[in-house]
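Engineer: need a structure here:
(one chain, ligands or ions: 1)
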Amino acid sequence: MSKFKFVDTGIKDLYIIEPNVFGDNRGYFMETYNKQDFLQAGLTMEFVQDNESKSSKGVLRGLHFQTQHTQGKLVRVTSGEVFDVAVDLRKGSPTYGQWKGVLLTEENKKQFYVPEGFAHGFLVVSDEAVFNYKCTDFYAPEFEGGVMWNDPDIGVEWPLEGINDIILSDKDEKHKSFKELDLPFKY
Ligand SMILES: Cc1cn([C@H]2C[C@H](O)[C@@H](COP(=O)(O)OP(=O)(O)O[C@H]3O[C@H](C)C(=O)[C@H](O)[C@H]3O)O2)c(=O)[nH]c1=O
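Structural biologist: Now for the predicted structure:
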């Protein structure tokens with residue numbers, strides 16, 4: 001019996017993953033990744049790099065992708081709460097340009113698998129959040145790209161209630177619009 005529940009999102013290859021949490025009087029234990037369980041669910045990706053970032057409330061990192069060395073990402077939150085977003089940028093996909101958001105929290109322990117060919121980003125909605133993720137390819141800054149977090153044609157409904165200002169990196173202040181994108185991602 002798999003220790004993970006793989007939840008369909010309505011967008012092919014994009015999954016919400018719910019680990020099996022074993023609680024007891026000491027606290028809890030859970031497997032956060034298991035290649036065998038993922039293979040049995042048809043998720044055959046290999047991970048080569050693990051990342052961690054810490055951000056304060058209102059920080060928005062995204063929406064990012066790499067045009068070469070495209071990265072699939074298995075993302076989760078180990079402290080705090082983020083609204084995590086994936087945007088389908090695969091040409092030919094029936095859900096091209098569509099987005100899916102999910103609240104990832106220390107409490108719900110949910111994970112989100114964002115496949116290659118998607119833009120990815122998140123907004124921190126708790127005072128602070130620690131974000132941990134596994135990537136299917138290595139960081140390749142020369143191939144980094146992005147699309148504006150608030151692009152009207154994508155129309156992500158970020159949960160901005162209680163967030164006075166969005167904190168962006170210089171890079172994230174000036175991404176292309178969805179209309180300007182011309183990407184190699186295939187469905
Ligand atoms: C992504 C990355 C960054 N860095 C260095 C480069 C910079 O000196 C510093 C901060 O990088 P950046 O501002 O690109 O970090 P984020 O804004 O969190 O970028 C990430 O944000 C969203 C959520 C993503 O999905 C990607 O993983 C990634 O683009 O870490 C590395 O050394 N290795 C890496 O893999």
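Engineer: How far away from the center of its chain is the single longest helix found in the chain?
Structural biologist: Criterion DSSP state H: the longest helix present in the chain is helix 35-40. Remark: helix 35-40 is offset 20 Å from the chain centroid, using C-alpha atoms, centre = their mean, to the nearest Å.
Engineer: Pull the residues that contact it.
Structural biologist: 2-4, 31, 44-45 (C-beta atoms under 8 Å, 6 or more residues apart in numbering). Every residue, glycine included, has its C-beta placed from N, CA and C.
Engineer: And those, which is closest to N108?
Structural biologist: Minimum separation from N108 among those (C-beta to C-beta) is found for F4, which lies at 13.9 Å.
Engineer: My guess is the closest one contacts L43. True?
Structural biologist: No. Between F4 and L43 there is no contact under C-beta atoms under 8 Å: 9.3 Å.
Engineer: out of the two, which sits in the more crowded spot?
Structural biologist: Using other C-beta atoms under 10 Å, the more surrounded residue of F4 and L43 is F4, with 21 against 18.
Engineer: Just list whatever residues bridge to the more buried one.
Structural biologist: Per DSSP bridges, the residues bridged to F4 are P19.
Engineer: What of W99?
Structural biologist: Going by DSSP bridges, W99 forms beta bridges with V87.
Engineer: Correct me if wrong: it contacts D151.
Structural biologist: No. If you go by C-beta under 8 Å, W99 and D151 don't touch, sitting 9.7 Å apart.
Engineer: near the ligand, which residues of the chain?
Structural biologist: Proximity of the chain to the ligand is confined to 51, 53, 61-62, 64, 73, 120-122, 139, 169 under the rule C-beta under 6 Å from any ligand atom.
Engineer: Using the centroid of this protein, identify the residue furthest from it.
Structural biologist: The centre of the chain is farthest from one residue, N25, which by C-alpha atoms, centre = their mean lies 32.1 Å away.
Engineer: in stretch 75-83, what counts as buried?
Structural biologist: Residues of stretch 75-83 classed as buried: 75-77, 80-83 (neighbour count, 16 or more other C-beta atoms under 10 Å).
Engineer: now the strands for the chain?
Structural biologist: Secondary structure of the chain (DSSP state E): strands at 4-8, 15-19, 22-24, 27-29, 49-56, 60-66, 73-79, 81-88, 99-105, 111-114, 118-124, 128-135, 144-146.
Engineer: Now render these as CSV, adding mean pLDDT.
Structural biologist: CSV is the format used below for the strands of the chain (pLDDT from 0 to 100):
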stretch, mean pLDDT
strand 4-8, 96
strand 15-19, 98
strand 22-24, 96
strand 27-29, 97
strand 49-56, 98
strand 60-66, 98
strand 73-79, 98
strand 81-88, 98
strand 99-105, 98
strand 111-114, 98
strand 118-124, 98
strand 128-135, 98
strand 144-146, 97
